[in-house]
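Undergrad: no letters, just coordinates:
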């Protein structure tokens, strides 16, 4: 599969050495919109006035189309898919081979377009990005949005990070596994919390809000995948007394990732569980929403029962909930405790513990004073460090620093290592 350039400006194609904005290559590991992609879009907003981005995808999806609609250059590289969770030896070897091929293809693109910086948005693209950068002497900025859990992944990313100029981690919990694997990486890692995104324009209506009057609405926002814990929420609600259950309305905003067989099977399990627990009539399945604001406005609390396997860094849904003044009931995992204070702006419970979540829900639903106190705490949570302005200023300064550091000494050394290896 060739590397296909889609929307690079014609004058740059004819004369890549022509004077103009400094070019940055962004490697994105998925083409649909999720939390990391929303953050990347904010990064692009920050750099476009000064730099010229080219965003590379493994396939075409809604995020690709959105960027192309904004006249941002995109292209594709044959990285292929790499499912979440445990992988077979064949999957690992196949992905490794594809990464080497993609790294060499990207190196040619970097030279041809005179790219000055490689920005890797997620660990799946890191091997190809490091190979391409080392072969061309370009610096790498690696943005890590999740907390790595599996030892094999931690060791691989920690090894590759030796050839990265800077790692941006979205929370201290996200940075910790890498530092634990290699203390020297502490000097390269910068913790920059995700921004609390704000949507422009009027808030769309949500017709079912009126039907839910008199109920306490609990919502989840995000991908429909097992590690996010939708099934745990249903089971925990099923443990509550019938009297309490009658007060509840559930809203699930999100969808399975496109083409993901495991996610689709999980979505069917959720529907079956809801029917078995007689909760189906109390649930709104909203699907993917480009603008989830009306659903946040309908909620009394956001629920985030993620498992350890979810690798939560700093979930955007929690930041968005705090922006709307919503308390959050969440599992104590990843970077969540760095922003959620138990009893102040939400409630924390051990991940995977249905009984503990049921107890937290019962206390929240029965105690109106607790709900009011947590709402007040949530409104006071988001300081300037979570603002769009702070995030974009920090990321822009970091990129400006790195584009002047072409061919650092460790990248030159890595070039020799890679050449010998390949």
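TA: It's in. Just so it is clear, the model here is predicted, and its values are computed rather than measured.
Undergrad: can you give me the end-to-end span of stretch 271-290?
TA: End-to-end distance of stretch 271-290 (CA to CA, to the nearest Å): 23 Å.
Undergrad: residues in contact with stretch 166-173?
TA: 39, 139, 141-145, 147, 161, 175, 178, 185, 188-194, 312-314, 334-335, 337-338, 395, 398, 402 (CB atoms under 8 Å, 6 or more residues apart in numbering). C-beta: built from backbone N, CA, C; applies to glycine.
Undergrad: now restrict these to buried residues only.
TA: Buried members of the contacts of stretch 166-173, scored by 16 or more other CB atoms under 10 Å, are 39, 139, 141-145, 147, 161, 175, 178, 185, 188-189, 191-194, 312-314, 334-335, 337-338, 395, 398, 402.
Undergrad: tell me which stretches of the stretch 251-400 of the chain form strands.
TA: 283-287, 301-304, 328-331, 346-349 (DSSP state E, counting those that start in this stretch).
Undergrad: mind checking the SS state of residue 26?
TA: Classification of residue 26 using DSSP: H, G, I helix; E, B strand; the rest coil returns strand.
Undergrad: contacting residues for it?
TA: Neighbour list for residue 26: 40, 43-44, 53-56, 119, 121 [criterion: CB under 8 Å, 6+ apart].
Undergrad: can you give me the neighbour number for the nearest residue to residue 324 once chain neighbours are set aside?
TA: Closest residue in space to residue 324, ignoring its immediate chain neighbours: residue 296 at 4.4 Å, by CB to CB, 6 or more residues apart in numbering. Residues within reach of residue 296, counting by other CB atoms under 10 Å, total 22.
Undergrad: any idea how far residue 296 is from residue 220?
TA: 11 Å (CB to CB, to the nearest Å).
Undergrad: okay, and the common contacts of those two?
TA: residue 302.
Undergrad: that older thread, among the buried ones among the contacts of stretch 166-173, which are in helices?
TA: Cross-referencing the buried ones among the contacts of stretch 166-173 against helices under DSSP state H gives 39, 175, 178, 395, 398, 402.
Undergrad: residue 116: how many residues sit nearby?
TA: 21.
Undergrad: can you give the strand pairings for the helix or strand hosting it, parallel or anti for each?
TA: Taking DSSP states H and E as the definition, one finds residue 116 inside strand 115-121. Taking DSSP bridges as the criterion, strand 115-121 sits next to strand 22-28 (parallel), strand 140-144 (parallel) in its sheet.
Undergrad: would JSON lines of these with distance to residue 101 and mean pLDDT be doable?
TA: Listed next are the strands paired with strand 115-121 as JSON lines, based on distance: least, CB to CB, whole Å; pLDDT from 0 to 100:
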{"stretch": "strand 22-28", "distance to residue 101": "14", "mean pLDDT": "97"}
{"stretch": "strand 140-144", "distance to residue 101": "18", "mean pLDDT": "98"}
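Undergrad: include distance to residue 288 when you put those into TSV, please.
TA: Listed next are the strands paired with strand 115-121 as TSV, based on distance: least, CB to CB, whole Å:
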stretch	distance to residue 288
strand 22-28	18
strand 140-144	23
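Undergrad: what ranges of this structure fall below the confidence cut-off?
TA: For the chain, the stretches with pLDDT under 70 are 1-19, 82-87, 199-213, 405-422.
Undergrad: domain-wise, how is it divided?
TA: Each domain of the chain is listed here as a residue range: 4-195+387-421, 207-379, per automatic domain parsing.
Undergrad: what about the longest helix anywhere in the chain, distance to the chain center?
TA: The residue-count maximum for a helix in the chain (DSSP H) belongs to helix 89-113. The chain centre lies 23 Å from the centre of helix 89-113; the measure is CA atoms, centre = their mean, to the nearest Å.
Undergrad: what of stretch 305-325?
TA: That offset, for stretch 305-325, works out to 10 Å (CA atoms, centre = their mean).
Undergrad: give me the contacts around stretch 251-258.
TA: Residues external to stretch 251-258 that are found in contact with it (CB under 8 Å, 6+ apart): 30, 32, 34, 61, 217-225, 230, 263-264, 266-267, 270, 283-289, 292, 295, 298-299.
Undergrad: try stretch 366-385
TA: Counting by CB under 8 Å, 6+ apart, 193, 196, 244, 300-301, 319, 321-323, 325-328, 339, 341, 343-347, 363-364, 390 sit against stretch 366-385.
Undergrad: quickly find the element holding the most far-flung residue of the chain relative to its centre.
TA: Distance from the C-alpha centroid of the chain, by CA atoms, centre = their mean, peaks at residue 243 (37.4 Å). Assessed by DSSP H and E, residue 243 sits inside helix 242-245.
Undergrad: buried ones in that helix?
TA: Result for helix 242-245 [16+ other CB under 10 Å]: buried residues 244-245.
Undergrad: just stretch 259-269 next, same as before
TA: Buried residues in stretch 259-269, counted by 16+ other CB under 10 Å: 260, 263, 266-267.
Undergrad: re the thing from before, give me the buried subset of the contacts of stretch 366-385.
TA: Among the contacts of stretch 366-385, the ones that count as buried by 16+ other CB under 10 Å are 193, 196, 244, 300-301, 319, 321-323, 325-328, 339, 345-347, 364.
Undergrad: which other residues reach the helix or strand containing residue 56?
TA: According to DSSP H and E, residue 56 maps onto strand 51-57. With CB under 8 Å, 6+ apart as the test, strand 51-57 has contacts from 8, 12, 20-28, 30-31, 40, 44, 47, 63-64, 67, 72-77, 106, 113, 115, 399, 403.
Undergrad: for the helix or strand following it, packing partners?
TA: With elements assigned by DSSP H and E, the helix or strand that comes after strand 51-57 is helix 62-69. Applying 3 or more CB pairs under 8 Å, 6 or more residues apart in numbering; DSSP states H and E, one finds that helix 62-69 makes contact with helix 35-47, strand 51-57, strand 73-76.
Undergrad: mind putting the ones you listed in JSON lines, distance to residue 375 included?
TA: As requested, the helices and strands packed on helix 62-69 are exported to JSON lines (distance: least, CB to CB, whole Å):
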{"stretch": "helix 35-47", "distance to residue 375": "24"}
{"stretch": "strand 51-57", "distance to residue 375": "39"}
{"stretch": "strand 73-76", "distance to residue 375": "41"}
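Undergrad: most tightly packed of these?
TA: Each of the helices and strands packed on helix 62-69 was scored by mean neighbour count; the highest is strand 51-57, a mean of 22, by mean count of other CB atoms under 10 Å.
Undergrad: now do that one against strand 115-121: the angle between them, please.
TA: 50 degrees (axes from the mean of the first three to the mean of the last three CA atoms, to 10 degrees).
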